[in-house]
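K.L.:
A structural model of the following input is requested.
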Amino acid sequence: MNDTLEMYNSLLTLKRLSRSNPRRIDQHKYLEMRREPTSKNILVICRTKKDCREAIKFIARDHLSECKANLNTCILELNDTTIKFIPVSCVEDVVGFKYKEYYFEEEFHI
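P.N.:
As a prediction, the model looks like this:
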């Protein structure tokens, strides 16, 4: 029953999105196409560029000895994982970066 309700809610959300702005569905497809199961990279989508930088600072503070952060490119290297932070307005500009998974800022926790 839970799976049925979850599927219903997902389909309903997709229908609402496609009615309001079909481009959102295309953006989701684009994000899904960039996924690569063998990659160790992660993509984190934030609201703004400022939020990207704040998220990097927050994470780097907890992992100072094991990470390298670049606030200009919004990339955080943590052990053997590269985490790229992008503002939502730049979703379609992610070129040449494959990732295992993508998260929204609120979902991402290390």
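
K.L.:
quick one, what contacts Ile45?
P.N.:
By Cβ atoms under 8 Å, 6 or more residues apart in numbering, the residues touching Ile45 are 86-88, 91, 102-105. Any C-beta I mention is one placed from the backbone N, CA and C, and that applies to glycine too.

K.L.:
Helix or strand for it, just tell me which one.
P.N.:
Assigned by DSSP states H and E, Ile45 belongs to strand 42-46.

K.L.:
again, but for Thr13
P.N.:
helix 2-20.

K.L.:
which ones are touching Ile25?
P.N.:
Counting by Cβ under 8 Å, 6+ apart, Ile25 has contacts 14, 17-18.

K.L.:
Where is the longest strand in this protein?
P.N.:
The strand spanning the most residues in the chain, taking DSSP state E as the definition, is strand 81-87.

K.L.:
Give the buried residues for the next helix or strand after that strand.
P.N.:
Next along the chain after strand 81-87, taking DSSP H and E as the criterion, comes strand 101-104. For strand 101-104, burial by neighbour count (16 or more other Cβ atoms under 10 Å) applies to Tyr102.
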